[in-house]
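Colleague: turn this into a structure:
(2 chains)
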Amino acid sequence: MERHDNLRLRPPRHRVDRRAIGWWTLQSAVFALPLPLTFGILWASIPPTREFFMWATLISLVPGLLYMAVMPAWRYRVHRWEATNEAVYAASGWLWQQWRVVPLSRVQTVDTLRGPLQQMFGLSGVTVTTASSSAAVKIKGIDHQLASDLVEYLAKCTQAVPGDAT
Amino acid sequence: MTSDTSVRSPSHAADHDWGRLNGRLLLVNLSILAAPVAMFLASLAITGGEANLQVIITLGSLFVTLLVISGIGLMRLFTTRYRLTEDRFELHSGLLFRSRRSVPIGRIRGVDLTANPVHRIFGLTTLRIDSGEQSADAGRRLSLDGITKAEALELRRRIIALRDAGRARPVADSDGVLSRLDWSWLRYGPLTVWGVGGVFIAAASAFRVLHELQVNPLELGIVKDIEHRFGTIPLWYGILLAVVVIVVLGMAGSTATFIENWAGYELRREDGGVLRIRRGLLATRSVSIEERHLRGLELVEPIPLRWAKGAKLNAVASGLGDREDNRRRRGLTPPTPRGEALRVAAQALPGGPGLIERQGLLPHPKAALRRRINRALMWSVLIAAVPVVLGLWFGSWLITTGVITGVVLVVVLVAFAFTAYRTLGHGLRGHYLVASSGAFARRTVALQREGIIGWKFSRTPFQRRAGLLTVGATTAAGEGVYHVHDLTEGQGIAFAETAVPGLLAPFIERAPDRG
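Modeller: Residues are numbered from 1 along each chain as shown, chains lettered A, B, ... in the order given. The predicted structure follows:
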């Protein structure tokens, strides 16, 4: 095999929406804060166990805050997407990263999904599925209007490209 | 209504009369009620005739549940009708929720027959029809649960004949048996791993049942006796004995499973390009895979089997159902000698001999070996750390144990790291992408390049530091994605682009400076 040392995947063209940082921060807060909050209330309300709950609060709070501070910005740097008239290409993750490519000729369905938190930020997610159980490309955190345009575009392209889905 | 016997008559013209499930299903449905009755009698026998309230409630509710189940079964018996016309198979069923389903003959991917032990006693069998584009939920599958074996065979023959009549396909030139069970393969039976786990599951469920019947297993005479004897022997001897007993029971369990699963095994290529696997002692299974849905093969060599030079061959095919169904049905051979598995592989796929041989695959970069060694060291340290840390409080003998464990683990796991690295390999052979990996269970997979419907590249933080990435080829068949682990970035991307030309090209760039 010849040398391919300098080949690499270029990042997909579009970043996700900047508001996604806010969305991910809120989402991580929902995961990270309830436990330290519970410990904090116990710390304040049960004097004899003060010391124990103080440590419990701090130990559960610090990693949670770190996660909230680091994850959203990092994700924003990684998450990108692109749709050409032949394929959908998306990058996701932060510590563990993924790049997915799906040819439009193999696309079976294109859906949008908006969770309550995404709706608060006016964001939307697009899922592109194929016949493979593990090949779905998910583009999360793009502007709602952009997402519906994308879905429309993909639906049009997948009709135009002939092909068997299995 | 009288039972309609149209299908039983071997008329060759596709008749348009409705067929029904067999009346013997009535007995099958009532027979499940025997279980709680038998358990009730058994508990009376064990407790010496005293029926205690909790037992009555437990078994009573079981009885009622089964009564409902058998009622549903009876309803199905009376409401199910099916018929086969020239171009479609129709199935009507249900009283409250009526379902009318109809499948075009051309869509039918396979017709399988299975019979569970109770069905077999009554000479019945279940016919299942696979259809639908997506290898998805079981709801898409049609089944006729309870027709006689003769009816089922005839119906299957007619469906396949009708389907293939409407399809311009050259009849496969090699028609016949590819492989048949050789009882000497039974020696691989004890080597399947999960037998030992089965012992624990069996023990746990026996305990549960006895407990529900108000019999405390720990108070039974035999158990008391064993407990008493255990008290009189040294601890290490007791542990050794227990391990030996569990392993022996586990091996017996695995052997029994092997026999139940693979007795009567036969793999045959039938008219119209269908691979059919027949197997099973108590429950007979018959799986058919259309060759155009066969996207590849997978050779699996888990450790005990590998040491005995054995292997198992799986199909990578679409239309075998969801992930769990697929795992249950994909087996093309039982654990066999490696050579036999390779021979079957060469005959099942037109890829030529040596398609899933590991020899000749391209090796992976040295960084992949370093990753594996690092992982081995990390696990050794983590596991050894547990007794060492505990030793700080509970005495120094734990620290010694921890250190010894650590040293042994380092040696064993690093050896595994080297085998795992040597197992890694990838390559393109004709129409197939071939990849091999695995430390404990070595898996070599050959996947048709045309069957690849997307790429999934992934990197862990450690892979990013080492400049590696994992290439996942996604497909509609089998597990859905097959991985080539730990290639350098350039190597992986070039490999993917060569395997499916053009798909990645617009997204590839050359780094300005080498790195």
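Colleague: which positions in stretch B:32-41 come out as buried?
Modeller: Neighbour-count burial for stretch B:32-41, with 16 or more other C-beta atoms under 10 Å in any protein chain shown as criterion, is recorded at B:36, B:39-40. Glycine gets a C-beta too; all of them are placed from N, C-alpha and C.
Colleague: turn these into TSV, columns for distance to residue B:484.
Modeller: Output for the buried residues of stretch B:32-41, formatted as TSV (distance: C-beta to C-beta, whole Å):
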residue	distance to residue B:484
B:36	53
B:39	52
B:40	58
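Colleague: count of neighbours near residue B:177?
Modeller: 9 (other C-beta atoms under 10 Å in any protein chain shown).
Colleague: can you tell me the element it falls in?
Modeller: Assigned by DSSP states H and E, residue B:177 belongs to strand B:176-180.
Colleague: in its sheet, what does that strand sit against?
Modeller: Paired with strand B:176-180 in the same sheet, following DSSP bridges, are strand B:266-270 (antiparallel).
Colleague: would you map out the domains in chain B?
Modeller: B:189-262, B:284-362+B:424-507, B:366-422 (automatic domain parsing).
Colleague: ok, and what's touching the strand holding residue B:177?
Modeller: Outside strand B:176-180, the residues that touch it by C-beta atoms under 8 Å, 6 or more residues apart in numbering or on different chains are B:265-269, B:275, B:333, B:336, B:340, B:343-344, B:347-348.
Colleague: let's verify the spatially most central residue of chain A: helix, strand, or coil?
Modeller: The centre of chain A sits closest to residue A:140, judged by C-alpha atoms, centre = their mean, with a distance of 4.9 Å. Under the three-state scheme (DSSP: H, G, I helix; E, B strand; the rest coil), residue A:140 adopts strand.
Colleague: which residues does it contact?
Modeller: Contacts for residue A:140 (C-beta under 8 Å, 6+ apart) come out as A:16, A:20, A:79, A:92, A:118, A:123, A:125-126.
Colleague: before we move on, back to that, between the contacts of strand B:176-180, which is nearest residue B:110?
Modeller: Set against residue B:110, the nearest of those by C-beta to C-beta is residue B:275 (9.6 Å).
Colleague: what count of nearby residues applies to the closest one?
Modeller: Neighbour count of residue B:275, defined by other C-beta under 10 Å: 24.
Colleague: ok, the residue nearest to it when sequence neighbours are not counted to residue B:65 distance?
Modeller: Once flanking residues are discounted, residue B:275 sits nearest to residue B:289: 4.7 Å by C-beta to C-beta, 6 or more residues apart in numbering or on different chains. The spacing between residue B:289 and residue B:65, counted by C-beta to C-beta, to the nearest Å, is 37 Å.
Colleague: between those two, who's got more neighbours?
Modeller: Legend: neighbour count by other C-beta under 10 Å for residue B:289 and residue B:65, higher for residue B:289 (26 against 11).
Colleague: and the helix or strand encompassing the more buried one, which strands flank it?
Modeller: Per DSSP H and E: residue B:289 is located in strand B:284-290. Within its sheet, strand B:284-290 is paired with strand B:110-115 (antiparallel), strand B:274-279 (antiparallel), according to DSSP bridges.
Colleague: show me the strands in chain A, by range?
Modeller: Counting by DSSP state E, chain A has these strands, from start to end: A:7-9, A:14-15, A:80-83, A:87-93, A:97-103, A:107-113, A:123-130, A:137-143.
Colleague: okay, the ones you listed in TSV with mean pLDDT next?
Modeller: Compiled in TSV, the strands of chain A are given as follows (pLDDT from 0 to 100):
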stretch	mean pLDDT
strand A:7-9	86
strand A:14-15	91
strand A:80-83	92
strand A:87-93	92
strand A:97-103	92
strand A:107-113	83
strand A:123-130	88
strand A:137-143	89
